[in-house]
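S.K.: Structure for the following, please:
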Amino acid sequence: MPSNPRYRTSNWKQYNAALKAQGSLTVWLDKRMCWFAACSGKRGRSPKFSDAAIQFCLTLKNLFGLALRQTTGLVESLLHLCGLAWQVPDFSTLCR
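M.R.: Next comes the predicted model:
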C-alpha cells in the first residue's frame with residue numbers, strides 16, 4: 001500500500017500570510033451611495049432609508065446568520081469604523 005506523500009512547508013512567511021488573508025473581512029462602502037431614500041412625492045410618510053441600505057443590512061444578516069437587532073449593531077459598528085455618520089435602519093424597518 002503506497003504511503004501518502006509528505007509536504008514540508010519551506011516558505012513559512014508566505015504560508016502564514018496566506019492563512020491570515022483567509023480570515024480577512026473587507027467591506028466596501030461607497031460614500032456616494034444613496035443611503036437615505038429620496039422623497040417619493042406621494043401622500044404619507046416617505047421611507048427614510050433607501051432599498052440599497054436595507055439590502056446591505058439584510059445581506060450582512062444572512063451572511064453571518066445574525067438576528068435583526070444584532071445586524072443593526074454590526075452595521076452601526078461598520079459605519080463607525082468607516083467614519084460615516086449615517087443612521088442605521090432600525091429593527092422594525094428591517095423586518096418589513
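
S.K.: Let me see the residues that make contact with stretch 87-94.
M.R.: Residues from elsewhere that reach stretch 87-94, judged by Cβ atoms under 8 Å, 6 or more residues apart in numbering: 48-49, 53-54, 57-58, 61, 68-69, 71-72, 75-76, 79. For glycine as for every other residue, the C-beta is placed from the backbone atoms N, C-alpha and C.

S.K.: Just the buried subset of these, please.
M.R.: 49, 53, 54, 57, 61, 68, 71, 72, 75, 79 (16 or more other Cβ atoms under 10 Å).

S.K.: In JSON lines, list those residues along with pLDDT, distance to residue 10 and secondary structure.
M.R.: Compiled in JSON lines, the buried ones among the contacts of stretch 87-94 are given as follows (pLDDT from 0 to 100; distance: Cβ to Cβ, whole Å; DSSP: H, G, I helix; E, B strand; the rest coil):
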{"residue": "49", "pLDDT": "89", "distance to residue 10": "52", "secondary structure": "strand"}
{"residue": "53", "pLDDT": "90", "distance to residue 10": "48", "secondary structure": "helix"}
{"residue": "54", "pLDDT": "91", "distance to residue 10": "49", "secondary structure": "helix"}
{"residue": "57", "pLDDT": "93", "distance to residue 10": "45", "secondary structure": "helix"}
{"residue": "61", "pLDDT": "93", "distance to residue 10": "43", "secondary structure": "helix"}
{"residue": "68", "pLDDT": "91", "distance to residue 10": "48", "secondary structure": "helix"}
{"residue": "71", "pLDDT": "93", "distance to residue 10": "44", "secondary structure": "helix"}
{"residue": "72", "pLDDT": "93", "distance to residue 10": "47", "secondary structure": "helix"}
{"residue": "75", "pLDDT": "93", "distance to residue 10": "43", "secondary structure": "helix"}
{"residue": "79", "pLDDT": "90", "distance to residue 10": "43", "secondary structure": "helix"}
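
S.K.: any weak-confidence spans in this structure?
M.R.: Under the criterion pLDDT under 70, the flagged ranges of the chain are 1-2, 44-46.
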